[in-house]
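>>> Pasting the sequence and the predicted model now:
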Amino acid sequence: MSENAPQLLRPKYRADIDGLRAVAVLAVVGFHAFPGVFAGGFVGVDVFFVISGFLISTILFENFHAGRFSFVEFYRRRIRRIFPALTIVLAACLVFGWFTLLADEYRQLGKHVAAGAGFVSNIVLWNESGYFDNAAGLKPLLHLWSLGVEEQFYLLFPFLLWIGWRLRANLLGISVGVAIVSFAFNLVALQRDPIGDFYSPATRFWELMIGAILAYRMGKTPSDTGGAAWPSIAGMLLMAAGVLATRGQTHFPGWLALLPTLGTAAVISAGPEGWFNRVVLRQPILVTLGLISYPLYLWHHVLLTFARITHAAVPTPATRLALVGFSVVLAWLTYKLIEQPFRFGRRIHARTAIPLAGMIAVGVLGSVVFTRGGLPGRAFAVTFDAYARTAAMTPREKECFDIPNAHSTTGNWYCRLGEASGPPKIVAFGDSHALSLVPLLERYGSENHLGILFAAGSGCPPLLGVQSLRDPVLMQHLDCRALYQRTFDYVQANSIRTVFLIARWTLYTGADTGELYPVTTDVSTPATVESSRRAFASALQQTIAAYRRIGTRVVLFADSPQQPVEPRDALRRSNLSDESINEAAVSLDKHRADQRWPTGVLSQYNGNGAVVLNFDDVLCDSRICPIARNGKLLYFDDDHLSIEGSLLLYPELNRRLSGTLELSRNP
């Protein structure tokens, strides 16, 4: 195509839609900066989806009907619109990460940069999700998942419409059909795979299709509400209801996403003269924020996340507010100096080729960083490396933890530790704190020539008859009660003489941290600390009694100390010595106070049907429970022991259990 070739028809500019973009981006920025205040602000992304679907589909429908559609020109425009700002942000992340991230952190950033450049961030993040995945606050490019969904829509939907157009099919019918199928996938996935429901394009396309359907209808019958108030006001109320209804929701989109998406469609359908559109959304300040909403969306999360990393703590509210202001300045500069020069003007080939080449280059750089392990030879990484590489979790996480449907699958519901041959002599099970002791159990089994069957699930107390109320959807696939009944049945059927019960007991009984996964023996009982403690005590008594009846000894592991900070945060604040790292460590008194209630309950059974192992003497001194010892980090995160910390317990475990356990009723 020559420089002077006919361009695609452009939809008529609507300032009110830029105002609506401003509302969406302010909601998202508020959620990321002040999640406690703007807890439902993440639905701003859903507003963006509908807007994008509407604008892109308007271009598609108008040009198909006019016989002017060109795939080449369509994707050239997408490149000029999306690539320049994104390339700058990705490159800035690589530069800043070079000076601030540890090797494995920089490696992950490299992967996310490559995924962002390839517009597959949503797929990569979906595959990364898991109990021990880095928190959202430590992933600078987490927010690019939504851009991945949009770009995947831009790749697939035009081809689908083109096929329909060539076959003279009803384009509205195609759009409605895609929306219905996608929404159905969304509802099914919400129950079967909540993480996939959030990230998958198949479960998100319906939101963009709402915009597409609206674009078709408005193209056929342009809106003329005469400035009526109700459509736009009703739409804004629906959007506001979406923000309020999703506060505290852990599973989304589902049915709730209809509130912000249909609300957005109502506002757009009101037209530029709709009352709210005209009086509020067309105000200059909102229109300006809407014009820079794309670079503002890109920059704000990057700044907030790197601040969290470099501060080794959540920044103060004043700092977060300042960062939001700085992201607005960066967004305006990006819009003026980067976006506009590439979007408008002559030399179309150059304005397309340069951003494309830049995106390819930054994607390749991200891939290099990832494949080379985060470039551990960097000065910053080398400085912290000796300590940082000891904050490692067992590599058997995927094999031994949160095995899907372990309570019902016919095979692969546990993993084998210790002696590889022969029937297992010990069964060990619990929650993620049990998983953190896998290195310890592996060594204990190997050196004592014992096979150990291991099963564990996140948020699952290893007690019979107790139901976790942590998350009803998750518990459909991780049925704690069924899993541990299955474990008991295995112990009984195979004459196992010893079981290890390991858990973060305070998680189910409450502590000063305030974090609680309530448990119950009666799902009709309201979930409180008191009811959870009653259920816990009852279930513990029943569990020990059940194992005693079949002649099996129970070994209860008292919980390890839980730290107030992540070990890497303590490391970043330190002068690279055990002493300075341990300035952030939990005190022995605080640890004992947190554990007082569950320790008291467990200790009732020591020598009375069970053996209780407490490792405080190993993990603590007379004053603190250290994060670091002898140049090594004892924790993987703030409450799970690292491999080093787990193995530190071996001499005491071996001493306490040596010669005290009958390991088989049929030796």
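Noted; the coordinates are in hand.
>>> By residue count, tell me the biggest helix in the chain.
helix 71-100 (DSSP state H).
>>> can you give me the angle the following helix or strand past it makes with helix 71-100?
Using DSSP states H and E, the next helix or strand after helix 71-100 towards the C-terminus is helix 103-117. Inter-element angle recorded for helix 103-117 and helix 71-100: 170 degrees (by axes from the mean of the first three to the mean of the last three CA atoms, to 10 degrees).
>>> quick one, the helix or strand that comes right after helix 103-117 and helix 103-117 angle?
Of the helices and strands lying after helix 103-117 in sequence (DSSP H and E), the nearest is helix 121-128. Orientation check (the same axes, to 10 degrees): helix 121-128 against helix 103-117 gives 140 degrees.
>>> Packing partners of helix 121-128?
Of the remaining helices and strands, those touching helix 121-128 by 3 or more CB pairs under 8 Å, 6 or more residues apart in numbering; DSSP states H and E are helix 103-117, helix 145-166, helix 194-199. C-beta coordinates here come from the backbone N, C-alpha and C atoms, glycine included.
>>> okay, now the domains of the chain?
Annotated domains of the chain cover 15-377, 397-657 [automatic domain parsing].
>>> how far does the shortest one sit from the chain's center?
Right, domain 397-657. Offset of domain 397-657 from its chain centre (CA atoms, centre = their mean, to the nearest Å): 24 Å.
>>> isn't T599 right next to N606, touching?
No. With contact defined as CB atoms under 8 Å, T599 does not reach N606; the gap is 10.3 Å.
>>> Please say which of those two ends up with more neighbours.
More neighbours surround T599 than the other of T599 and N606, with 17 against 14 (other CB atoms under 10 Å).
>>> Now do the contacts for that one.
W505, A558, R592, N614 (CB atoms under 8 Å, 6 or more residues apart in numbering).
>>> So which of those is the closest to R204?
Nearest to R204, judged by CB to CB, of the contacts of T599 is W505 at 39.1 Å.
>>> Report how many residues lie close to that closest one.
Using other CB under 10 Å, W505 has 26 other residues around it.
>>> What ranges in the protein fall below the confidence cut-off?
Across the chain, the ranges flagged by pLDDT under 70 are 1-6, 131, 133-137, 221-228, 248-250, 471-476, 512-514, 523, 525, 659-667.
>>> All the strands of it, in order from the start?
Listed in chain order, the strands of the chain (DSSP state E) span 415-418, 426-430, 451-456, 467-468, 498-502, 519-520, 553-557, 586-587, 610-613, 624-625, 628-629, 632-633.
>>> For those strands, give me TSV that also has distance to V243 and mean neighbour count.
Below are those laid out as TSV (distance: least, CB to CB, whole Å; neighbours: other CB atoms under 10 Å):
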stretch	distance to V243	mean neighbour count
strand 415-418	43	20
strand 426-430	38	26
strand 451-456	37	24
strand 467-468	29	22
strand 498-502	41	24
strand 519-520	31	24
strand 553-557	44	22
strand 586-587	37	18
strand 610-613	48	19
strand 624-625	42	20
strand 628-629	43	22
strand 632-633	40	22
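>>> Rebuild those strands as CSV, extending it with distance to F54.
What follows is these, written out as CSV (distance: least, CB to CB, whole Å):
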stretch, distance to F54
strand 415-418, 50
strand 426-430, 50
strand 451-456, 47
strand 467-468, 43
strand 498-502, 53
strand 519-520, 46
strand 553-557, 57
strand 586-587, 52
strand 610-613, 62
strand 624-625, 56
strand 628-629, 54
strand 632-633, 50
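>>> before we move on, back to that, can you lay out the domains of the chain as a markdown table showing distance to F384?
Compiled in a markdown table, the domains of the chain are given as follows (distance: least, CB to CB, whole Å):
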| stretch | distance to F384 |
| --- | --- |
| domain 15-377 | 6 |
| domain 397-657 | 6 |
